[in-house]
Every structure is written in C-alpha cells, then in structure tokens.
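Undergrad: I need the structure of the sequence given here:
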Amino acid sequence: MNAENYVKDIVIRFKEVLDAHNKHLECFAHYGVQLEGWLKGELLCFLDNEKARKGIANFEREVRVGRGKQKVDFYLEIPTGAAVLNVWIELKHWLIGYQKGDRYNAVFYFGDASSVGIKPDVEKLVQFTQENKCLLILATANPGVYDWSSGIAKFNKKFLPLCLNSLTNPAEFPQSYFLGLLKVQ
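TA: Numbering: from 1, shown residues only. Model (predicted):
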C-alpha cells in the first residue's frame, strides 16, 4: 500500500472517532466556532492508539521544518514492510456556515491567501523536500461535493504553481462534518 492510500485509510478510521462525537461537531457548527485544538487533541489520542496497535510505526507532533520556527502539526512514520514512509500532516478546522452574521464556505477558505485559508500552510509544506505532504481539514458542517471541488479548483488556479488533490469525498461523510484530506503536489 502506498502512503496516499495508507493515509486515506487512517482518515477513514479517524472518521469513526468523529462519528462518535457527532453532537460535538453539530454544536461547533451551530455556534459558529472553529476549534482546531480540539481536533488536534482527538487526532493525538487516535494516533497514540494507532501506534499501540502497530497501525503506524511512530508519530510526532509539532515538528520543526524549514527555516525559522515553522512547525508541521503531525509527522507519521508508516510501516510498509522493509521501509518506512514519512507523512507530514497540517491540520485546519473550517466552519462551513454562519459566524457572527457572515457566511463561510469552502470556496472562500480555499481562495483566502491569509492564515484563515490554507495557502500559508501549503507554502510551508512545499518548502521542504520530503514527500507525502497532506492537509487534513475538518469542516463543520459538510461543504458538499460542489463547494469542495470548486474550492480546490479555485486554489489550484489562483495560487499556481501550488497544487492540491483531494483524497476524500464529502459525499462519503455526514451533513454535520467532512474530513478533507488534501495531498500537496
């Protein structure tokens, strides 16, 4: 199994954790909040369990990369028999809906060049040479296929040569949330 499929499998297993917290995710959307720290905590516990059951060889959080004090949220070592694949994951939590009277959708976030969007995160990931760089975006609520794919198209056109490829599909998640796994090309 290649790194891309392995990470997709990890995300699908993590979906089971989030399904158990569906009321939390509905509450986040209802009150218009983004809680990336909550997501990071849930993923930390999940990865610790994955390591204990040998689903991943190892992981680290807040790993320094590139120049200065830049950090990537998670680094995973995935066993593939004789070799270990390295995977770098940056996290985001996006509110899809209304916050303080303003409406936010995936197209908005993908097109925003500030830290509200993902352009700075993608630039951070592409500056170092390791392969298998991903973003994992928790969207509460689910943006739907059209909004998600339109947002990716907007990002890839607006911020060329940066390029993203979606590895998960909003149609496979409940209305309350979506785990968008993006491969940074």
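
Undergrad: On the three-state scheme, the spatially most distant residue from the centre of the chain is what?
TA: Distance from the C-alpha centroid of the chain peaks at residue 82, with 27.7 Å (CA atoms, centre = their mean). Classification of residue 82 using DSSP: H, G, I helix; E, B strand; the rest coil returns coil.

Undergrad: Could you list every helix and strand that the lowest-mean-pLDDT helix or strand in the chain packs against?
TA: Ranking every helix and strand in the chain by mean pLDDT, DSSP states H and E puts strand 97-99 at the bottom, with a mean of 87. Other helices and strands packing on strand 97-99, by 3 or more CB pairs under 8 Å, 6 or more residues apart in numbering; DSSP states H and E, are strand 102-104. From N, CA and C alone the C-beta is placed, and that goes for glycine too.

Undergrad: Which secondary structure elements does the helix or strand following the strand it packs on sit against?
TA: Using DSSP states H and E, the helix or strand that follows strand 102-104 towards the C-terminus is helix 106-111. Counting contacts by 3+ CB pairs under 8 Å, 6+ apart, helix 106-111 is packed against strand 84-95, helix 144-158.

Undergrad: quick one: helix 106-111 to chain centroid distance?
TA: Averaging C-alpha positions (CA atoms, centre = their mean, to the nearest Å) puts helix 106-111 14 Å from its chain's average.

Undergrad: Identify all contacting residues around that helix.
TA: With contacts defined as CB atoms under 8 Å, 6 or more residues apart in numbering, helix 106-111 is touched by 92, 94, 96, 116-118, 139, 143, 147-148, 150-152, 154-155, 158, 180.

Undergrad: Just the buried residues from these, in PyMOL please.
TA: Buried residues within these, by 16 or more other CB atoms under 10 Å, are selected in PyMOL with:
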select buried, resi 92+94+96+117+118+139+143+147+148+150+151+152+154+155+180
